[in-house]
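Engineer: Fold the stuff below for me.
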Amino acid sequence: VIATGARPVRPGFMPADSPRVMTTDEAATAVDLPESVVIIGGGVIGCEFATIYAELGIRTLLVEMLDRLAGEMDEDSAEAIAASLADRGVEVLVGERVVAMSADAEGVIAELAGGRRIESACALVAVGRQANVEEVGLNEVAVELADGVIRVDDRCRTNVPGIYAVGDVAETRQFAHLAERMGIVAAENIMGIDLVDDRSVVPIGVYTHPEAASVGLPLAEAKERFGSARVFRYSYSNSPMGIACDRTAGQLKVIADPETGTIYGAVWIGPHATDMIQEMALAMRSGITMEQLWHTIHAHPTFQEAASVAADAWVAGAMRQERTGRGKA
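Structural biologist: Numbering: from 1, shown residues only. Next comes the predicted model:
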């Protein structure tokens, strides 16, 4: 079983062997807190670290080369995360690229393509991770790669009999929960139990304030794949629990077929979103429709009841169609 994981990408501008320039692995185990930090990379991990540093009172600047943060998430999630970071005093620069970086005993200087020089006590480089496929003998046994990772089937088998691969070395979606499931599937198959690994529904969680989570397809991709899809939305500004807890910055979006109620995806933003997205993942995996979701009574007041309330819009539309003689959606 090949389970060599992945490592942080080290771009060419990153100084070697400087304790003031950290990868995400190094930052996660750091003992001392810096006075200030510049984070290179505004993806999910960069935003999570920016949240942590800001909560600890550390002056934080976040640089992202794309035109928005959290490119792995949808626009609403990215906007919520950006607003939260701004509220916490994080300076965010999007559409900017670091071209050079130097470090000494006093601190770090990052130079941007636009000419700005950023001085900070330390730097965190969070520009992605790459699979550890080198120096494990893959070429010697002709194990095939695809998209920079080991190619495996739904039983975590490689193209070479008797060799399995699991986790980040065999998946471009680098999530601990996905890696754990792949490990279980590989182990069971090795012991002679025919267990298939269905990785079609995998939730994503972003641990910022507010939290953001998603599962399945975004709206544009759902429309392209299935021809018809709509967003059914519930805002926390209307949530009794959100109002009671003064946590009204959030929403649930369910992407579903407006006629059949088939759920294609969901985005949850707000308190405990990374916990509550599991309901939508289960719904998708079990083929639960919007009508069935609406019929599932949720306790009140809870944040979780957003799921049934979001389904209200679909049910209302279906009833209108039925009354006008166009058939039940």
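Engineer: Domain map for the protein?
Structural biologist: 6-129, 133-190, 204-323 (automatic domain parsing).
Engineer: Could you provide those domains in TSV, with additional columns for distance to V196, mean pLDDT and mean neighbour count?
Structural biologist: The C-beta positions use only the backbone N, C-alpha and C, and glycine is treated the same way. Listed next are the domains of the chain as TSV, based on distance: least, CB to CB, whole Å; pLDDT from 0 to 100; neighbours: other CB atoms under 10 Å:
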stretch	distance to V196	mean pLDDT	mean neighbour count
domain 6-129	24	96	18
domain 133-190	5	97	16
domain 204-323	13	93	19
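Engineer: Kindly present the ones you listed as JSON lines, with separate columns for distance to D197.
Structural biologist: Conversion of those to JSON lines gives the following (distance: least, CB to CB, whole Å):
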{"stretch": "domain 6-129", "distance to D197": "19"}
{"stretch": "domain 133-190", "distance to D197": "4"}
{"stretch": "domain 204-323", "distance to D197": "13"}
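Engineer: Could I get the contacting residues of R59?
Structural biologist: 35-37, 89, 120 (CB atoms under 8 Å, 6 or more residues apart in numbering).
Engineer: likewise I45?
Structural biologist: So I45 contacts 24, 126 (CB under 8 Å, 6+ apart).
Engineer: Mind checking what secondary structure it has?
Structural biologist: Here I45 is recorded as helix under DSSP: H, G, I helix; E, B strand; the rest coil.
Engineer: Roughly how far does it sit from A186?
Structural biologist: 26 Å (CB to CB, to the nearest Å).
Engineer: so what's the residue nearest the centre of the chain bridging to?
Structural biologist: For the chain, the residue nearest the mean C-alpha position is I204 (4.2 Å; CA atoms, centre = their mean). Taking DSSP bridges, one obtains S214 as the residues bridged to I204.
Engineer: ok, now L62?
Structural biologist: I39, V92.
Engineer: and if you look at L145?
Structural biologist: I150.
Engineer: so what strands line up beside the helix or strand containing A100?
Structural biologist: Taking DSSP states H and E as the criterion, A100 maps to strand 98-103. Within its sheet, and counting by DSSP bridges, strand 98-103 is paired with strand 108-112 (antiparallel).
Engineer: Show me what the helix or strand that comes right after the partner strand is packed up against.
Structural biologist: Next in sequence after strand 108-112, counting helices and strands by DSSP H and E, comes strand 117-120. Contacts defined by 3 or more CB pairs under 8 Å, 6 or more residues apart in numbering; DSSP states H and E place strand 117-120 against strand 36-40, strand 59-64, strand 108-112.
Engineer: residues in contact with strand 117-120?
Structural biologist: Contacts of strand 117-120 (CB under 8 Å, 6+ apart): 34, 36-38, 59, 61, 63, 107-112.
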